[in-house]
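Novice: With the sequence up front, the predicted model follows.
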2 protein chains.
Amino acid sequence: MTEIRTNDENGPRPAEARAERFQAVREAHRNELAEDYVELIAELIAQFGEARPVDLAARMGVTAPTVAKTLDRLAREGLVARAPYRSVFLTPDGARLAESCLRRHEIVVRFLIRLGLDPETAEKDAEGIEHHVSDRTLELFRSFAECS
Amino acid sequence: MTEIRTNDENGPRPAEARAERFQAVREAHRNELAEDYVELIAELIAQFGEARPVDLAARMGVTAPTVAKTLDRLAREGLVARAPYRSVFLTPDGARLAESCLRRHEIVVRFLIRLGLDPETAEKDAEGIEHHVSDRTLELFRSFAECS
DNA sequence: ACATTAAGTTAGACACAGCTAACTTGTAAT
DNA sequence: ATTACAAGTTAGCTGTGTCTAACTTAATGT
């Protein structure tokens, strides 16, 4: 064998573009859990006046220690405030994030339903999709969902 | 204080439904990386006749050891076949998975473009979205993208 | 006031996905 | 045939997210 080498005779441009896309997804990934938590916390506070770890665990489908560890991280990142054996609350930053996540979630769900999906599946798919939708796409979703 | 307890007087139904949704997302999550790899490997093979770790690393935006570890896992799971210091190939299972991922990816991209998104952003968003789209939703995307 | 029980915490394990540093292998060019 | 360099591997570190088991705290009911 003599040639075949490099596999990049087309230049590394497309390879790099791709790498950037994957890196962006990994980045989104890191924020997903935080977003899901603050979103849930905001809803629980709206509904019950407080968000207790036990309720978070039930709704996230994980055990109490997992919730505790995650809340520690969120506290470290300044998104939630907590005291031992107490309910969890959102910091201003956390509340802001929750607000935008809820909005985003709502738009995605409404969009999917408008597309023709049943509400249950829409809710399910939205949970996975919402974290990966750019602002431009979200805007398109919103217009489509609201078009008469 | 006397009452306020439980926070679940509405019954645990909605909480459980939610937990299931999150669990589904975590499940999808676990498969994401595997899907991205087999998809990329299939493309490289189609383009160059082989998929080399160095090309995977460049396109995934990670280092060579990370690729090696991931490929080990994929081999363990029966999706790829490899020999030391050689290129990677797909098993029949891996090829099937790659096929369906490529199809899915294409549909999502075309759908987003039809919605009015620029191709570059479509490509970027699709990378994150494609793993979280149910079959029903994918079908709706397909119809929408292909509607005259 | 105290005992019971539910909620929360701590400790420790595992798997995964990323990294750097150092080593080995294989290929290509001289 | 040798050497030099690119590709691949191995070892070992980090941080995250999950778990179980065992412990502590707080609230409820009698």
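Specialist: Ah, there it is.
Novice: longest helix of chain A?
Specialist: For chain A, the helix that runs over the most residues, judged by DSSP state H, is helix A:13-48.
Novice: Go through that one and flag the buried ones.
Specialist: A:15, A:18-19, A:21-22, A:24-25, A:28, A:32-45, A:48 (16 or more other C-beta atoms under 10 Å in any protein chain shown). Placement of C-beta: from N, CA and C, glycine included.
Novice: now do stretch A:48-58
Specialist: Of the residues in stretch A:48-58, those buried (16+ other C-beta under 10 Å) are A:48, A:51-53, A:55-58.
Novice: Point out the residues in chain A that sit beside DNA strand D.
Specialist: Residues of chain A lying near DNA strand D by C-beta under 7 Å from any atom of the strand: A:6, A:30, A:33, A:60-63, A:65-66, A:69-70, A:73, A:84-85.
Novice: Out of these, list just those in strands.
Specialist: Judged by DSSP state E, these include no members of strands.
Novice: Name the nearest of these relative to DNA strand C.
Specialist: Taking C-beta to the nearest atom of the strand as the measure, DNA strand C sits nearest to residue A:65 out of those, at 3.4 Å.
Novice: how many neighbours does the closest one have?
Specialist: Residues lying near residue A:65 (other C-beta atoms under 10 Å in any protein chain shown) number 10.
Novice: Keep only the residues of chain A next to DNA strand D that also lie close to chain B.
Specialist: A:60-61 (C-beta under 8 Å from any C-beta of the partner chain).
Novice: Give me the PyMOL select line for the residues of chain A next to DNA strand D, limited to the buried ones.
Specialist: Only the buried entries of the residues of chain A next to DNA strand D go into this PyMOL selection, using 16+ other C-beta under 10 Å:
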select buried, chain A and resi 33+60+61+62+70
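Novice: In JSON lines, list the residues of chain A next to DNA strand D along with pLDDT.
Specialist: Output for the residues of chain A next to DNA strand D, formatted as JSON lines (pLDDT from 0 to 100):
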{"residue": "A:6", "pLDDT": "53"}
{"residue": "A:30", "pLDDT": "92"}
{"residue": "A:33", "pLDDT": "97"}
{"residue": "A:60", "pLDDT": "98"}
{"residue": "A:61", "pLDDT": "98"}
{"residue": "A:62", "pLDDT": "98"}
{"residue": "A:63", "pLDDT": "98"}
{"residue": "A:65", "pLDDT": "98"}
{"residue": "A:66", "pLDDT": "98"}
{"residue": "A:69", "pLDDT": "97"}
{"residue": "A:70", "pLDDT": "98"}
{"residue": "A:73", "pLDDT": "96"}
{"residue": "A:84", "pLDDT": "96"}
{"residue": "A:85", "pLDDT": "96"}
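Novice: How about residue A:131, nearest residue that isn't a chain neighbour?
Specialist: Distance criterion C-beta to C-beta, 6 or more residues apart in numbering or on different chains; nearest residue to residue A:131, sequence neighbours excluded, is residue A:32 at 4.7 Å.
Novice: surely that neighbour meets residue A:129?
Specialist: No. Using C-beta atoms under 8 Å, residue A:32 is not in contact with residue A:129; the gap is 11.2 Å.
Novice: residues in contact with residue A:30?
Specialist: Neighbour list for residue A:30: empty [criterion: C-beta atoms under 8 Å, 6 or more residues apart in numbering or on different chains].
Novice: Next one: it from residue A:65, what distance?
Specialist: For residue A:30, the distance to residue A:65 equals 21 Å [C-beta to C-beta, to the nearest Å].
Novice: do the same with residue A:113
Specialist: Using C-beta to C-beta, we find residue A:113 at a distance of 36 Å from residue A:65.
Novice: Most widely separated two among the buried residues of stretch A:48-58?
Specialist: A:48 and A:57 (14.9 Å; C-beta to C-beta).
Novice: and whichever strand or helix holds residue A:137, which residues are buried?
Specialist: Secondary structure from DSSP states H and E places residue A:137 in helix A:135-146. Residues A:136-138, A:140-142, A:144-145 are the ones in helix A:135-146 that count as buried (16+ other C-beta under 10 Å).
Novice: and of the residues you listed, the nearest to residue B:107?
Specialist: Nearest to residue B:107 among the buried residues of helix A:135-146, with distances taken as C-beta to C-beta, is residue A:137, at 15.4 Å.
Novice: Return the backbone torsion pair for the nearest residue to the closest one once chain neighbours are set aside.
Specialist: Among residues not flanking residue A:137 along the chain, residue B:125 sits closest, at 5.2 Å (C-beta to C-beta, 6+ apart). Main-chain dihedrals, residue B:125, degrees, to the nearest 10: phi -60, psi -40.
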